[in-house]
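1. mind looking at a prediction? Sequence and model below.
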Amino acid sequence: MTDLTPADRRRTTWLSAQPLQQAADLRRAAGDPLLADWLDETANALSWLAPYRDNEPGYAMWEAALAVAGQILEEA
């Protein structure tokens, strides 16, 4: 497996994903690729849920990822 930079990754373009992607970039730069990959994958898989928060059961995972991203961005 090769190390991909954030620019090399295929990322979602949903605006709701930006906090997760920014937090992923920070964690990757800090040497925490596991958390960075989780944030990127969550953003790619679940960012479309944001407009449907009241009707989608997977929204709890999205909220958890946003909470983690928020903590990372506050520390930066």
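-> Alright, I've got the coordinates.
2. what mean pLDDT does whichever strand or helix holds residue 72 have?
-> Assigned by DSSP states H and E, residue 72 falls within helix 59-75. Mean pLDDT, helix 59-75: 89.
3. who's in contact with it?
-> 19-20, 22-24, 26-27, 35, 38-39, 42-43, 46-47, 49-50, 52-53 (Cβ atoms under 8 Å, 6 or more residues apart in numbering). Backbone N, C-alpha and C define where each C-beta goes, glycine included.
4. and what of stretch 18-34?
-> Applying Cβ under 8 Å, 6+ apart, the contact partners of stretch 18-34 are 3, 6, 11, 35-37, 39-40, 42-43, 47, 65-66, 68-70, 72-73, 76.
5. of those residues, buried ones?
-> 11, 35-36, 39-40, 42-43, 47, 65-66, 68-69, 72 (16 or more other Cβ atoms under 10 Å).
6. could you dump these into TSV with distance to residue 57 added?
-> Shown next, in TSV, are the buried ones among the contacts of stretch 18-34 (distance: Cβ to Cβ, whole Å):
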residue	distance to residue 57
11	24
35	24
36	26
39	21
40	22
42	15
43	19
47	16
65	15
66	16
68	20
69	21
72	25
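7. sec struct for residue 57, please.
-> Three-state assignment for residue 57 (DSSP: H, G, I helix; E, B strand; the rest coil): coil.
8. please pick the buried ones from the contacts of helix 59-75.
-> If you count burial by 16+ other Cβ under 10 Å, the buried members of those come out as 19-20, 22-24, 26-27, 35, 38-39, 42-43, 46-47, 49-50.
9. quick one, strands of the protein?
-> Counting by DSSP state E, no segments of the chain form strands.
10. output the below-cut-off pLDDT ranges for it.
-> Along the chain, the model assigns pLDDT under 70 to residues 1-9, 50, 53-54, 56, 58.
11. at 90 what do you get?
-> Across the chain, the ranges flagged by pLDDT under 90 are 1-17, 42-64, 76.
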